[in-house]
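Student: Predicted model and sequence follow; I will ask about them next.
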Amino acid sequence: MYPGPYLDLLRHVFGTRVGLERYEIANQRHDYVVLLAELSNPARRVVIKLAGPDALYSCPFDRTATLHSLVRSGTSVPIPEVISVDTTYRLWPWRYMIKAHAPGIEWAAALPQMDNEAREGAYRQMGSAVAELHTISFDAFGELGDDGLPHIQMPYLEALTERATQRIKDAHQANKFIKLLQDRASLFEEINQPSLCHDDLHKHNIIFNYEGGEWKLSAILDFDSAYSGHHESDLSRLDFWHGMIGPGFWEAYTEVHPISPMYQERRLIHQLLWCLEYAAPTPEHIEDTRRVYAQLNLNPD
């Protein structure tokens, strides 16, 4: 792929002397691409996200940049600096966001390289970081605007219903989930403190770097799905995904946030939302979805 347009963009952001030494495509979909680039003058590594008008992803780069700034200023959670963002299409045929590259490797690759002691230390770091994210609070539940704030006052159950309606593509399953929320509304009555929920803390969005003989949390990535919700949404997904919670995680997390006795019942509902919004037609995902339905004493069909 000809690098000319990328170099033009980089020179617009970093100045005319910048050089594009090399780059690789980290992700590519229709009208969407993520590049890992190595620059000279100045020498640095950056991540470039480009999304055209027909991209399948929503790519709310303005909002993501605002959330990066919020997390960087309000917590000690490692998160890359957003260097430049533009969603106007004024100069380029795509929206873009350029951010600093976080050193290290994805949790999916780091975990198998760790011994038991290193794993416990890593899980403790993850528990502390997720707990810190959840200290960022808002005045209302719901989707966040480009300014990083929810604009409509609503209770959590209403916000969760709205989110399910937006994210579950199968209308039949969406209606079933909303009825489940209505039937078990009492489970959510005590929830009254909105907080930042990443909602996509999977094994590719957590970065660890091996430095000084230790594994250190280097970055939490990709806040595109974040919203003002309840912290149990993140915990439920982490609890559901293989390898995301281990010895040390809960101890570190609960040093900051207590876990409600209602968590175990609400956990299944949050997990079902993920199953239905992701809805991959793989045997594993279909079985996972059926298992959650069964634990809720519901028919999946």
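Tutor: Received, thanks.
Student: Using CSV, write out every CA atom in the helix or strand encompassing R119.
Tutor: For R119, the enclosing helix or strand under DSSP states H and E is helix 116-133. Provided in CSV are the C-alpha atoms of helix 116-133 (Å, rounded to 0.1, in the frame of the first residue of the first chain):
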residue,chain,number,x,y,z
ASN,A,116,2.6,-18.4,38.9
GLU,A,117,4.3,-15.6,40.9
ALA,A,118,4.4,-13.3,37.9
ARG,A,119,0.8,-14.1,37.1
GLU,A,120,-0.4,-13.2,40.5
GLY,A,121,1.5,-9.9,40.4
ALA,A,122,0.0,-9.1,37.0
TYR,A,123,-3.6,-10.0,38.1
ARG,A,124,-3.1,-7.6,41.1
GLN,A,125,-2.0,-4.8,38.7
MET,A,126,-5.1,-5.5,36.6
GLY,A,127,-7.4,-5.5,39.6
SER,A,128,-6.0,-2.2,40.9
ALA,A,129,-6.2,-0.6,37.4
VAL,A,130,-9.8,-1.6,36.8
ALA,A,131,-10.8,-0.4,40.3
GLU,A,132,-9.2,2.9,39.5
LEU,A,133,-11.1,3.3,36.3
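Student: what packs against it?
Tutor: strand 214-220, helix 231-240, helix 249-254 (3 or more Cβ pairs under 8 Å, 6 or more residues apart in numbering; DSSP states H and E). Every residue, glycine included, has its C-beta placed from N, CA and C.
Student: Including distance to V47, mean neighbour count and mean pLDDT, could those go into JSON lines?
Tutor: Shown next, in JSON lines, are these (distance: least, Cβ to Cβ, whole Å; neighbours: other Cβ atoms under 10 Å; pLDDT from 0 to 100):
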{"stretch": "strand 214-220", "distance to V47": "10", "mean neighbour count": "19", "mean pLDDT": "97"}
{"stretch": "helix 231-240", "distance to V47": "23", "mean neighbour count": "22", "mean pLDDT": "98"}
{"stretch": "helix 249-254", "distance to V47": "27", "mean neighbour count": "18", "mean pLDDT": "98"}
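Student: Could I get these in CSV, plus columns for distance to L133?
Tutor: Formatted as CSV, those follow (distance: least, Cβ to Cβ, whole Å):
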stretch, distance to L133
strand 214-220, 7
helix 231-240, 8
helix 249-254, 11
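Student: Quick check: which of these is nearest to Q182?
Tutor: Of all the helices and strands packed on helix 116-133, helix 231-240 sits nearest to Q182, with 18.3 Å by Cβ to Cβ.
Student: quick one, what contacts H68?
Tutor: For H68, the contact set (Cβ atoms under 8 Å, 6 or more residues apart in numbering) comprises 79-82, 99, 223.
Student: what do you get if the cut-off is 7 Å, keeping everything else the same?
Tutor: By Cβ atoms under 7 Å, 6 or more residues apart in numbering, the contact list for H68 reads 79, 82, 223.
Student: can you check L20 too?
Tutor: 3, 6-7, 10, 37, 39.
Student: In three-state terms, label it for me.
Tutor: strand (DSSP: H, G, I helix; E, B strand; the rest coil).
Student: circling back to that earlier point, the helix holding R119: what's the following helix or strand?
Tutor: That would be, after helix 116-133 and using DSSP H and E, helix 156-167.
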